[in-house]
Structure formats: structure tokens, C-alpha cells
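**Student:** pasting the sequence and the predicted model now:
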Amino acid sequence: MKAAAKYLILLLGAVIFAYPFLWMIAGSLKPELEISKLSLWSDHFSIRNFFTVISKVPVGRAFLNSLLVSLSVTVFVVLFGSMVGYALARLKFFGQKMLYVLILFTMMIPFQITLIPQYVMMVKLGLTDTYLSLIAPSMMSGLSILLFRQFFMSIPQSLIDAARLDGCSDAGILFRIIYPLAKPVIITVSILTFMTSWNDVLWPLIVVRDRSLMTMPQLVTIFVTGGEAESQLGLLLAAATLLALPVIIAYAFFQRYFIQSMASSGIKG
Amino acid sequence: MIRKFLHKFRASDRNSYWFISPYVIFFLAFTAYPLIFSFILMFHRWNIVSPMEWVGLKNFERLVLDSLFLKSLGNTVMFLLIHIPLQIVVALGFALLLHSRVRFRGLFRALYFLPVVVSGVVVTILWQQLYSYDYGVLNSVLSSLGLPRMPWLVDASFAMPSIALMATWKNVGIYIILFLVGLQDIPSELYEAAAIDGASRSKQFFRITLPMLNPTMIVIMVLSTIGGFSLFIEPYVMTGGGPMQSTLSGMLYIYNQAFYFNHMGYAATLGFALALVILAVVVIQRKVIEKDSVA
């Protein structure tokens, strides 16, 4: 294929995938009447829409809620995933194969089947409208166990034997010897988990009704569907921009890791 | 027998049970118990406030005759029929371009991947504006080109395809990356040998590239099928399932039954049925593609 045509298609793709986001950000800054235009520029840019959104819904609080929930979930998934992954990869115990098969089997169960009973459980335990209800059901991930297991199996046995001779316990081996070596897989699992948790909106919609506990995507969803935006396009786009910007900024800095993480999850899945 | 087990148990590494205990507890609380409870729920009518009422097989009778559930499955099939082929063609096209010698590959890849990392809520709000009939950017571009405006989300036969188009835009970045990985794994000797035998470029593509990408195709089909059956936030925010239930997805229907009508028992039955449908479709897809690749 001619080089010019190739670059033309690639460039067209770049416009198709990136332009809508630029349009969204520009639209959130434009006066209402100019939003539907294709151009990004306006002579009357203002950040008024953002002030209106922030005054109507507790965006700052939702941002902190999302941060708290996603960070906690990520810490637990890394901690528990690496513990189980270590036991599966480097220890020998009765029921090991059974556990491995159980994890694979559990990963295949569609979430639709456990969703309603999990909600009922939260209601019966009086946990709706708590951070715990947002965090607990995501504390463990089969995929992350498998990723850790696979990485831990590649670590040379001599390293573990040496540590054991020095009197290192299994916990010591995992957290002091293996963790420093396992940075790539820890980063992969962290990014995958954090992103999934940050973007999840179905579960928060189900267990949280109290505004002060809502996560960012949930609050924006409620804002958009609940009629508070009064169908003003500028407000809708400003709310969407507030939700998108933290992720886009993080992505701009760490895009290599984001892409690698998603690629490794897809190959497993 | 018992002694054998005891022996195996004793021979186990002491700490292993501590290490796996978080998983065991989590599994019991968030998988095993909900599974059992969902099985109980399916035989009851329950609005979560008043006591559960045993109804036997009523929920299943209702399920079989439920035209809305059937409609939601049909909508999902419609979604997948557009989403999967479109996604494979677009992703493979861009992956092939990026796999050839090209400058700024990293930049292009990063831009194509951008919609993947952004929340589905953002994408949905954004596309709702792009799709708007009177003021949407897409329609103003169409009419400035002298083409008729499209009823993207307001016409029952357009709405689901429009959502499928949007979902493709959002997810195609992942599949470009997966195809790129797949392309890199094809040994270059295969192409060299084919070139010596005088095989044309198109023949090489159909005889080497495509068959070697079969595992990637399976992954893509399985992931997008599961994604399609889990479609929720897009119709929830964009259309509320309308117009005329044309974008009602299985998950949205379960959500409405559970949290709008408080039919917990029936919602659990629907969840169970949807899960069975997903598993069946995924298994059939795998069988069909694997058979193809052997032949």
C-alpha cells in the first residue's frame, strides 16, 4: 500500500478516536448555542458550566469516594491475589489442584447470577450505603491470582531456597524477596483493578443511594439521568469532562502500562 | 483412606492454608452463598421487605412466556451481529497498518486506545450528544454534506445498531492491541517460505495470517459476547431501553425487575437464565471456531 494512503487512514483513525473527547472538553467550555458545532474554538470560552455542576452535586466528595474505594480494592486485590498466587505456585498443600480448578471455574460464572443475591446479602447485613459494600465484593479477583501465579512460577527455586536457609518465613519470602522482583505483575494487576473499580457503575447504583457516598461515575450518571442537568448540554458535557479528566491525565503519563496491562488480561481471558 | 488424607494434609506446607484462607472466605461469602441463595430465590416471590413467599415453578413459567426477556435477548443478538464483525474488521485493519513499518506507531496506538480507559458513562454521555437528532454533530455533518439526517437513537430500528457502533468505537482499541500481539507471534519464516513458493500477498494473508490469528479471534468473540450480554449503562443512560424496548438489554431488564419493581425472585431467575444463555453461546462459539481451524 502506498505510504501516503497508509498514513491518511491512520490519521483518520486518530481523529475518529480522539476528536470526540476534544469536542467534549471544548463543548463543556462553550456557551450553549455553540456546542452543536463541529469546531473546537469559541470566542466565548468560560468555566461557568463547571461551577454550576459543582454547586449542584458533590463532585469533590464523589471524587474522594471513588479514590478511597478504588485504592482499597486495588490494595486488597494485590495483597490477596499475591498470597493465593504464591501458595499455588510455590507451596505444596493438600487440595492445591482442587483450589486451582475452583478458581478457574469461579471465573467462568457470569456475574449476572450472583448480583441479586449479593445485593440481598448487603441489605440483610445492613451494609447498604457503606464503603464496605462498595469494597468487599471486589476484594478478590481470579484473574489477578492467575497472573501472580504465572509470574511466581518463573522465579528460580534457588532464590527461595537461599532465603529459607537464612530463616525467612513464607511471608518473608513473598513480601521481602519476591515483591521487589514482581513489580511488573503488581503494576499490571493494580492498573487493571483500579481501572475496573474506578469505572464500575452498576454495583454502586445498586448498593448506594446516599449522595455523600456515591462514586464519581455513579454521581455523574444520577446527575444526567435524574434531570438535574435540565437538559443543558454544557452541564452534561462538563460533568462528563470532570469524570473523564483524571483518567485521561493518568493515561497520558502511564499509557504504556495501561496498554500492556489490558493486553495481558485479554490473552488470559 | 482417612490415614492417607491425613498424611497428605500433614505433608502440606504449614503456611499454605493461611495463604489461601482469604480466597476461601471470599469464595464462601461472595460466590458459594450467593449461588445457593439465588437457587432458593428462584422459587420464591419476594419484595425484600415482606417475608418470602414460596411459589414453586411460577418464576420459570413466567420466564418462558416473558416476551420482554425474549425481546432483550433478541436485542442483544442484534447488538452482537453488528458489534463483533465490525470490531474484528476495524481492529484487524488498524492492527495490520500498525504492524507494517510505520512512524509514530506508539502515538497512534495510544490514541486508538484512549476510549478504552475512559468510563463508559463518559462515552455514553458524549455519544448521546453526537447522536442527537436536531443538534447532534453527526447529523449536522451529514446535512452539510447534503445527506439526510439519521434517527440514530429515536427510531426503534436504528437505536441498537447505534449503540453497537458506539460500543465498537469504545472497545476496538483493546482488540487492535490483541491483534498486534497475535501478528507479532506469527513466525516470519512462514511468510518467507510462502514467498519462495510464489504465493501472492493476498494468498499469504488468507492462508497464513488469518488462520494464525484464530486464537485471537476466539478471545475477541468471547470477550465481546460477554460484554454484549452485560450491556447496561449505555441503554440505561442513553435510551432507558427505548424506543419501543428496542435497546432493552438483558442486564437492564434484570435491573428494572429487581430495583424498579422489587421482584427479587424473578430477577434472580432472569439472572440465572441470562448466565446460562451466555455460557451456551460462548461454548458454541468456541466449538465452531475450533472446528473451523482444524478443517
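**Tutor:** Looks like it came in fine. Numbering: from 1, shown residues only, chains lettered A, B, ... in the order given.

**Student:** from here on, contacts and neighbour counts on C-alpha atoms
**Tutor:** Noted.

**Student:** determine the longest helix present in chain A.
**Tutor:** helix A:233-268 (DSSP state H).

**Student:** elements contacting it?
**Tutor:** helix A:3-29, helix A:48-56, helix A:183-199, helix A:216-225, helix B:105-117, helix B:120-131, helix B:156-184, helix B:214-229 (3 or more CA pairs under 8 Å, 6 or more residues apart in numbering or on different chains; DSSP states H and E).

**Student:** got the angle for it vs helix A:48-56?
**Tutor:** Angle, helix A:233-268 to helix A:48-56, by axes from the mean of the first three to the mean of the last three CA atoms, to 10 degrees: 80 degrees.

**Student:** between helix A:216-225 and helix A:233-268, find me the angle.
**Tutor:** 140 degrees.

**Student:** mind listing what's buried in helix A:233-268?
**Tutor:** Of the residues in helix A:233-268, A:233-244, A:247-248, A:251, A:255, A:257-266 count as buried by neighbour count, 16 or more other CA atoms under 10 Å in any protein chain shown.

**Student:** pick out the residue of chain B closest to chain A.
**Tutor:** B:S12 (4.0 Å; CA to the nearest CA).

**Student:** identify the residue nearest that residue in space, chain neighbours excluded?
**Tutor:** Leaving aside its chain neighbours, B:S12 sits nearest to A:F93 (4.0 Å; criterion: CA to CA, 6 or more residues apart in numbering or on different chains).

**Student:** is the one you found in contact with B:D13, as I believe?
**Tutor:** Yes: if you go by CA atoms under 8 Å, A:F93 and B:D13 touch, sitting 5.7 Å apart.

**Student:** pretty sure B:T247 sits against B:N75.
**Tutor:** Yes: using CA under 8 Å, B:T247 is in contact with B:N75, at 6.3 Å.

**Student:** and B:V118, what is it in contact with?
**Tutor:** A:N199, A:A244, A:V247, A:I248 (CA atoms under 8 Å, 6 or more residues apart in numbering or on different chains).

**Student:** name the SS class of the residue of chain A found nearest chain B, please.
**Tutor:** Of all residues in chain A, A:F93 sits closest to chain B, at 4.0 Å by CA to the nearest CA. Classification of A:F93 by DSSP: H, G, I helix; E, B strand; the rest coil places it in coil.

**Student:** which ones are touching it?
**Tutor:** B:K8, B:F9, B:A11, B:S12, B:D13, B:S16, B:Y17.

**Student:** give me the angle between the longest helix of chain A and helix A:3-29.
**Tutor:** Using the same axes, to 10 degrees: helix A:233-268 against helix A:3-29 is 130 degrees.

**Student:** burial measure for A:F105, as a count.
**Tutor:** 11 (other CA atoms under 10 Å in any protein chain shown).

**Student:** now B:L65
**Tutor:** B:L65, neighbours per other CA under 10 Å, totals 10.

**Student:** same question for A:L22.
**Tutor:** Neighbour number of A:L22 under other CA under 10 Å is 15.

**Student:** from A:S154, how far off is it?
**Tutor:** 44 Å (CA to CA, to the nearest Å).
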